[in-house]
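Asks: Sequence and predicted model, in that order:
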Amino acid sequence: MSFSAWRWFSLVGCLLGLFGCAAPRPSSLPGDEPWILAIKSARLPDSRPWITRLAYHVWFEVKRGDESSWRRYEVTDFDDGVGIDDIPESLARSDHRFDREVLLVEHWTGSEAQRMAEDLHRFAESYEDDGNYRAFPGPNSNTFAARAMRSIDGLSAVLHHNAIGKDYTPLVRVGGTTSGTGVAIDTIPLGFAVAVEEGLELHLIQLTFGIALFPPALKIPFAPKIGF
């Protein structure tokens with residue numbers, strides 16, 4: 001697929017998936033809150049093989065008291081384990097990363113954000129797959145994010161259906177979805193999820209096919225969400 005063809009495909013997908021393209025951005029985060037915990041997501045950069053550019057990377061950022069104390073939590077193939085890095089305000093509030101638009105998946109403020117941020121820090125320091133990274137099928141950056149969300153009370157949101165690795169498990173996993181509104185059964189080759197927020201999903205070799213219910217939308221691997 002050529003670059004121009006991909007840009008056209010993305011434009012059509014965004015016009016069809018109206019809700020996805022209207023997602024809030026990091027620049028909309030409140031400026032007067034001492035504690036903020038944000039879940040962010042962006043497509044991978046052009047430096048990757050074209051097929052992987054359609055996948056989404058998920059990470060967390062935390063404001064800890066003031067604008068000079070932002071911290072990022074993420075797993076990448078460049079880090080040995082979970083990267084816990086202090087970042088400037090300019091990066092935390094930027095709407096772009098990897099030359100891509102950053103989606104603000106969800107955020108929390110105040111004492112709730114502080115409590116979850118402290119839990120996230122402990123989870124990151126004791127992450128079970130620390131130093132073990134595979135882009136496909138996992139564990140990868142999205143595996144870390146999804147496991148943190150399933151482990152920390154209140155840290156819940158719907159991850160992009162192209163966040164490959166979010167459903168990875170080495171054997172069998174039966175438990176909640178990342179939104180906390182449903183249940184999932186997963187193995188590496190096959191899995192299912194039924195939830196109020198995620199809708200109905202089939203996980204086939206870590207690729208997600210599904211139908212979201214609120215608002216109605218079709219989920220197809222390597223394509224934007226198509227809203228109805």
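Replies: Ah, there it is.

Asks: By mean pLDDT, flag the weakest helix or strand of this structure.
Replies: helix 18-21 (a mean of 42; mean pLDDT, DSSP states H and E).

Asks: Sheet-wise, list the partners of the helix or strand following it with their directions.
Replies: Sequence-wise, the next helix or strand downstream of helix 18-21 (DSSP states H and E) is strand 35-43. Partner strands and pairing direction for strand 35-43 (DSSP bridges) are strand 56-64 (antiparallel), strand 103-109 (antiparallel).

Asks: in this protein, which spans are helices?
Replies: 3-16, 18-21, 89-92, 110-125, 141-151 (DSSP state H).

Asks: same question for the first one, mean pLDDT?
Replies: To tie it back to what came earlier, the one meant is helix 3-16. Averaged across helix 3-16, pLDDT comes to 44.

Asks: And for the longest one?
Replies: Per-region confidence: helix 110-125 scores 98 on mean pLDDT.

Asks: Measure how it sits relative to strand 35-43, angle-wise.
Replies: Inter-element angle recorded for helix 110-125 and strand 35-43: 60 degrees (by axes from the mean of the first three to the mean of the last three C-alpha atoms, to 10 degrees).

Asks: How many residues are close by the closest residue to Gly81 other than its chain neighbours?
Replies: Taking C-beta to C-beta, 6 or more residues apart in numbering, and ignoring the residues beside it in sequence, Gly81 has Asp130 as its nearest neighbour in space, at 3.9 Å. C-beta here means a position set from N, CA and C on the backbone, and glycine is covered the same way. Using other C-beta atoms under 10 Å, Asp130 has 16 other residues around it.

Asks: What's the separation between Gly154 and Pro170?
Replies: Distance, Gly154 to Pro170, by C-beta to C-beta, to the nearest Å: 26 Å.

Asks: again, but for Pro221
Replies: According to C-beta to C-beta, Pro221 and Pro170 sit 22 Å apart.

Asks: So for the two, which residue has more residues nearby?
Replies: Pro221 (15 against 12).

Asks: OK, contacts around that one?
Replies: Counting by C-beta atoms under 8 Å, 6 or more residues apart in numbering, Pro221 makes contact with His161, Asn162, Leu207, Thr208, Phe209.

Asks: separation between the third one and Ala145?
Replies: The spacing between Leu207 and Ala145, counted by C-beta to C-beta, is 17 Å.

Asks: I'm done for today, thanks for sticking with me.
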